[in-house]
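In: A structural model of the following input is requested.
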Amino acid sequence: MIAYGPNHADIFRRSAAVIDKILKGEKPGDIPVQRTVKFNLRLNLRTAKALGVDISPALLALADEVIE
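Out: Below you'll find the predicted structure:
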């Protein structure tokens with residue numbers, strides 16, 4: 001019904017940048033670890049309706065993706 005997690009497209013872009021550095025000769029141990037900074041909030045209104053749960057308009061406004 002509600003999922004909050006990392007933005008996978010952002011993770012793939014960051015991974016590609018790290019791979020590019022490695023292929024250009026930088027040592028993997030010298031590359032700093034990067035943490036995800038972009039997260040997505042997804043709401044499934046169909047499931048919420050089936051469970052009888054009302055989602056507030058404020059939460060709907062914050063959602064990155066709404067499944068109806």
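In: what's the single longest helix in the protein?
Out: Ranked by residue count and defined by DSSP state H, the top helix of the chain is helix 8-23.
In: right, and the helix or strand after that helix?
Out: strand 39-44 (DSSP states H and E).
In: on that earlier part again, orientation of the longest helix of the chain relative to strand 39-44 in degrees?
Out: Here helix 8-23 runs at an angle of 150 degrees relative to strand 39-44 (axes from the mean of the first three to the mean of the last three CA atoms, to 10 degrees).
In: Kindly export helix 8-23 (C-alpha atoms) in CSV.
Out: Extracted in CSV, the C-alpha atoms of helix 8-23 (Å, rounded to 0.1, in the frame of the first residue of the first chain):
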residue,chain,number,x,y,z
HIS,A,8,16.7,3.1,-8.3
ALA,A,9,17.4,5.3,-11.4
ASP,A,10,19.6,7.5,-9.2
ILE,A,11,21.5,4.4,-7.9
PHE,A,12,22.2,3.2,-11.4
ARG,A,13,23.5,6.6,-12.4
ARG,A,14,25.8,6.8,-9.5
SER,A,15,27.0,3.2,-10.1
ALA,A,16,27.8,4.1,-13.7
ALA,A,17,29.8,7.1,-12.6
VAL,A,18,31.8,4.8,-10.2
ILE,A,19,32.4,2.2,-12.9
ASP,A,20,33.6,5.0,-15.3
LYS,A,21,36.2,6.1,-12.7
ILE,A,22,37.4,2.5,-12.3
LEU,A,23,37.7,2.0,-16.1
